[in-house]
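Asker: coordinates only, sequence not included:
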Ligand code: SF4
Ligand code: SF4
């Protein structure tokens, strides 16, 4: 599963630079697939959805830092544990029960994000 940030976030910013996939964004900032990844051009998800990697997407939170589930790999392939969880001073980076992925799926997502 991906990690999500709860409303307990105090907006300290400690987690953002630790993410190997640039999946963490400050409140109200728009996000892009191409930020901190190798994704470029048109991304075809194979389900009829095609997205430009440079397209800006609306922030998922206007109040606190947030994580883009499609870019979070639980740090699989980079670190032994989710780095946002490891550095968060208030333990508000928690498992997202709505986004469940296997280790293999997370590794495949990492390879996809970084064109490996
Ligand atoms: Fe980024 Fe890792 Fe946190 Fe996911 S678990 S948001 S990949 S630091
Ligand atoms: Fe919020 Fe924790 Fe990230 Fe700080 S480290 S911005 S409290 S989620």
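Answerer: On my side now, so go ahead. As the structure is a prediction and not an experimental result, all values here were calculated from the model. Ligands and ions are numbered 1, 2, ... in the order given.
Asker: stretch 108-116 near ligand 1 anywhere?
Answerer: No. Against ligand 1, stretch 108-116 shows no contacts by CB under 6 Å from any ligand atom, the least distance being 8.6 Å. For glycine as for every other residue, the C-beta is placed from the backbone atoms N, C-alpha and C.
Asker: and that stretch, which residues are buried?
Answerer: 108-110, 113-114 (16 or more other CB atoms under 10 Å).
Asker: so which of those belong to strands?
Answerer: Among the buried residues of stretch 108-116, no member falls in strands (DSSP state E).
Asker: and the residues you listed, which two are the farthest apart?
Answerer: Within the buried residues of stretch 108-116, two members stand farthest from each other by CB to CB: 108 and 114, at 11.3 Å.
Asker: I'd like the next helix or strand past the worst-scoring helix or strand of the chain on mean pLDDT.
Answerer: Using mean pLDDT, DSSP states H and E, strand 42-44 stands out as the lowest-scoring helix or strand of the chain, at a mean of 92. For strand 42-44, the following helix or strand on the C-terminal side (DSSP states H and E) is strand 50-52.
Asker: direction included, what does that next one pair up with?
Answerer: When pairing is defined by DSSP bridges, strand 50-52 lines up against strand 42-44 (antiparallel).
Asker: for the strand it pairs with, buried residues please.
Answerer: For strand 42-44, burial by neighbour count (16+ other CB under 10 Å) applies to residue 43.
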